[in-house]
Every structure is written in C-alpha cells, then in structure tokens.
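Chemist: let me see the structure of the following:
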Amino acid sequence: MKRLLIADDDAGMRAALETRFLRRGWLVDVAVNGADALAKFRDRLHTLVITDVRMPGRDGFELMREIQSSSPRTAVILLTAYGCVPDAVEAMRNGACDYLVKPVCFEKLELAVEQVLRRAQEQNKETESLVGHSPAWQQALERARQAAATDADVLIEAESGTGKELVARLIHRLSGRREGPFVALNCTAFPEALLESELFGHARGAFTGADAARPGKFEMASGGTLLLDEVGEMPLALQPKLLRALQEREFDRLGSNQTVHVDIRVIATTNCPLEASVAGGRFRADLYYRLNVIPLALPPLRDRAGDIPELAQHFAQLYGSPGTEPRLSPDLLARLEQHAWPGNVRELANFVRRAVALSRGGEIGVEAFEHGKISTGTVLRPPEWKAGLSLGEMERRLFAMTLEATHGNRARAAELLGVSQRTVRNKIREYGFPPRSNYVHD
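Modeler: Numbering: from 1, shown residues only. Reported below is the predicted structural model:
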C-alpha cells in the first residue's frame, strides 16, 4: 500500500491533507517540521513526501535533500508561497518532482501526485534492479549519474548478475542522448565471422547470403548510446577495427569502401578485469585505454547485503499476481541476507520469483530454502540415465541440466562442463534450447 509523509507547520493544512489522502486509501504520516519529518522518514520508507518549504528549523529544501540522499526513489512535492517560486523552480532542477503554490487546490495536488507517481512507475520499470540504499551501491549509482552528465565513453566492470546493463541504461536515460536510441550488442552472441557485420553492417554481396545492404549496431546507435556487452570477448582480429571506430567515430561497412560517420556514446561492460586480459595478450592495451575513459565498478551483492531484504521484497511485489502483495517472512529475509549469492541480484530475483510462484498465498517462510529451491552453491541434480540412451541425448540432458543449475549463466556452465563459452552457445542453438534472451553469458 502507498505511504505518504506530510510535513507542514500549519496544523490546519496538515489535517486537511491527511483527511484527503486517507480517503484515497493512502497510509499517512504527518510531521510538524523538517526534523520531525526526517525522523519519521527514517523510521519507515514512504512512496511520496509532500512538504511545505517554509518551516522552522530544517526547511523543505533541506528535507528534500536529506530524503533524496537516502532514498532517491522517493518522490517529493513542494508546497510554496508565491514569493518562493524561483527557489522551487531551482529545487525542481535539483530533483524535486513538482511544486504547487499556496493556497493549494486539492484537485491540482491530486493531479500532481498522479503524474509524479506515473513518472516514477515508468522510471522504476527501466531501473527495476537499481533498488538499494547501501553506501557501496549508492556510490556506484552516483558515479553513473556523474558519467551521464558527460559524453565520455564508460567501462563497467562487475560480476555477473550485478545489473551492468541496467546501469548502462540508467546512464543513457540521464544523459543528453536520452531521446536517441539505446542499442545493445552482446559480443559473445555471434560467431566471429558474423560479429563484424553485426557491429559495422555490410554492403550487398559482401558475403554469401548478403542479398541487401544492412546497417550495423554502430549506425543504428547514432545519436544515442551503444552498449558493447562483454567486450572482453571481442576476437583479437576485430579489435583494431573497433579501436578505429571508437577513436574516429567512423568505419567502413563490410564489403564497402565508403566511410560511415556516426555520433554515438559507447558504454562497454565486462565480467572479468580487462587489465588481466591485456596482460594475458587476449585484449589490446590501446583498445582498453580507449574504452576506459570513465571506469565504473558495481559491487557484488555480498558487499551490499543490507540491500537484500529491500530487493527481495521488491521482486516479490514485481512477480506477484495482480492484486496480491506477497510477503516474505522476517526469518526468510534474514536467511536471504546470510546467503552468498554467487549469481548476485539475478540469482536473488530468480529465487524470489520461484518462491512466489510456488507459494500457496500468505507469508512465504524459510521453507522456500528447505524445499530445495536454493542451496549454498551451484548443485547439479543427478540426471536420470537409462540403458539405451544415446550419447547425443545424454549430452543434451547434461547441457540442459547445467544451464538450469547456473540460471542460464553460460560462463559458469562452460566452467562446470570444461568447455568454451562458444561451445555452450553452439549447443544451445543445436539442441533448440529456449531463445538466447533466456540465457546470460556472464
């Protein structure tokens, strides 16, 4: 249920707003000044804060800054006297969601609330796993916001499942390129022979089957942002052309000598340190330095364990049936907080989704662990082998089982099976496993 905090030193205004929103089904807390409001906000999170600007002691601007520093997802609406409008406009630039001039028209206030919540809902859809208030996570998001204010290329290095693509999309959405396209290319999703065409496009007749000219991801992203996901897997032979395209923002399509110019911002991600790949001769040093203009590291979930209860509750609501509010018991939340989560936020989301889907309603307790839905590590269930089973079918079952156990993590599956990631990718295609989007490569 939605919770509102009203901060105003005028008792009549507080009472009127409280009554109005209680009738609309809100849970409402009221505060007589900024300090009182901050104390109540720290006691429990609120969906929305409506605050007067002029209050004794801590004013509405200070309250807004304090709230945004601890909970960027909370919406703030300012109520201001006519003479304070310039200040309110400045506050809007600094993060306030809206402002209204006193005396307040309740119909206008309700309309403003509706618009603010709708914008927040749209934003939350894009940043669903950016939940969390731990210092390490907020520090990473602040670095992302700083990067968004520039047009420089960004290199995100982080473990699998930490939200690299979500942070890349956040940077795009907060940047001056937000109206342009956001185009993503998974550098491990294509065989080496096709990757150059995917990046730079091809001319008609460039190779067998090229019946028409086709633009690549660089052209498609012009005016916006290009995400090079798992750039560390880029074949060495292709890296010089990528370096030129990054340096000059120009390239030739495959099979063409006509130069194409683009205006893009590049964000690259990797789940293994590129510096080590450079030292091992698998990645060009000059390409690494060109990508690493603004380095950004995301903390693994074990380094932000305090965010786990909030993330878990968020996923429970996200995956619950319409009209229901799945609840995770305090014991379960404590158990989740103690788990190592080698798959990070992605693994936690998958666990909560399973727990919600298999629950019979009501509170979900620690039995979600005890019924084998999660373990302290990756566990492969023994396959059911039968006499007469072909070697091909045995291999198919082994790959399917390993991908399931690793939640579709191709790198981890390759490690467990003792094969290359390319082999895992080829087997997914060969055996007709679910679409590529169901699997992760990092």
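
Chemist: can you give me the distance of the nearest residue to residue 218 once chain neighbours are set aside to residue 288?
Modeler: Counting by Cβ to Cβ, 6 or more residues apart in numbering, residue 218 lies nearest to residue 262, which is 5.4 Å off, once chain neighbours are set aside. Any C-beta I mention is one placed from the backbone N, CA and C, and that applies to glycine too. From residue 262 across to residue 288, the span is 21 Å (Cβ to Cβ, to the nearest Å).

Chemist: now residue 77
Modeler: Remark: distance between residue 77 and residue 288 (Cβ to Cβ) = 46 Å.

Chemist: look up how far residue 225 lies from the residue nearest to residue 218.
Modeler: As judged by Cβ to Cβ, residue 262 and residue 225 stand 12 Å apart.

Chemist: what residue is smack in the middle of this protein?
Modeler: residue 166 (2.7 Å; Cα atoms, centre = their mean).

Chemist: now that one: phi and psi?
Modeler: phi -60, psi -40 (degrees, to the nearest 10).

Chemist: contacting residues around residue 289?
Modeler: By Cβ atoms under 8 Å, 6 or more residues apart in numbering, the contact set of residue 289 is empty.

Chemist: mind checking how far residue 270 is from residue 252?
Modeler: For residue 270 relative to residue 252 (Cβ to Cβ), the value is 26 Å.

Chemist: what pLDDT does the residue nearest to the centre of the chain get?
Modeler: The model reports residue 166 with a pLDDT of 91.

Chemist: ditto for the one 4 residues further on
Modeler: Confidence per residue is given as pLDDT, and for residue 170 that number is 92.

Chemist: state the three-state secondary structure for it.
Modeler: helix (DSSP: H, G, I helix; E, B strand; the rest coil).

Chemist: that one touches residue 143, doesn't it?
Modeler: No - the pair residue 170 / residue 143 is not scored as a contact, 11.0 Å apart, by Cβ atoms under 8 Å.

Chemist: how many other residues sit next to residue 205?
Modeler: As a burial measure, residue 205 scores 13 neighbours (other Cβ atoms under 10 Å).

Chemist: hmm, I typed the wrong one, I wanted residue 35.
Modeler: Neighbour tally, residue 35, other Cβ under 10 Å: 17.

Chemist: give me the neighbour count for the nearest residue to it once chain neighbours are set aside.
Modeler: Nearest residue to residue 35, sequence neighbours excluded (Cβ to Cβ, 6+ apart): residue 58, at 5.0 Å. Neighbour count for residue 58, taken as other Cβ under 10 Å: 17.

Chemist: show the contacting residues for residue 58.
Modeler: Neighbouring residues of residue 58 by Cβ under 8 Å, 6+ apart: 33, 34, 35, 38, 66.

Chemist: before we move on, the earlier item: how much space between the residue nearest to the centre of the chain and residue 12?
Modeler: Distance, residue 166 to residue 12, by Cβ to Cβ: 44 Å.

Chemist: do the same with residue 391
Modeler: Relative to residue 12, residue 391 is positioned 81 Å away (Cβ to Cβ).

Chemist: over to residue 62?
Modeler: Where residue 12 is concerned, residue 62 sits at a distance of 23 Å (Cβ to Cβ).

Chemist: where does the prediction get shaky in the protein?
Modeler: 1, 72, 82-96, 120-129, 208-210, 322-324, 370-389, 415, 418, 434-442 (pLDDT under 70).

Chemist: the strands in the stretch 151-300 of the chain, which residues?
Modeler: With DSSP state E, counting those that start in this stretch as the criterion, the stretch 151-300 of the chain has strands at 154-157, 182-186, 225-229, 250-252, 259-261, 265-270, 294-297.

Chemist: hey, C-alpha coordinates of the longest one in CSV?
Modeler: Read it as strand 265-270. Only the C-alpha atoms of strand 265-270 are listed here, as CSV (Å, rounded to 0.1, in the frame of the first residue of the first chain):
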residue,chain,number,x,y,z
ARG,A,265,28.4,7.3,-26.9
VAL,A,266,29.9,3.9,-26.1
ILE,A,267,29.3,2.0,-22.8
ALA,A,268,31.2,-1.3,-22.6
THR,A,269,30.7,-4.0,-19.9
THR,A,270,32.8,-6.9,-18.8
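
Chemist: make sure residue 107 is indeed in a helix.
Modeler: Yes - checked against three-state DSSP, residue 107 lies within a helix.

Chemist: and it, how many neighbours?
Modeler: Residue 107 has 8 nearby residues by other Cβ under 10 Å.

Chemist: before we move on, back to that, now the residue nearest to residue 35, what's its secondary structure?
Modeler: coil.
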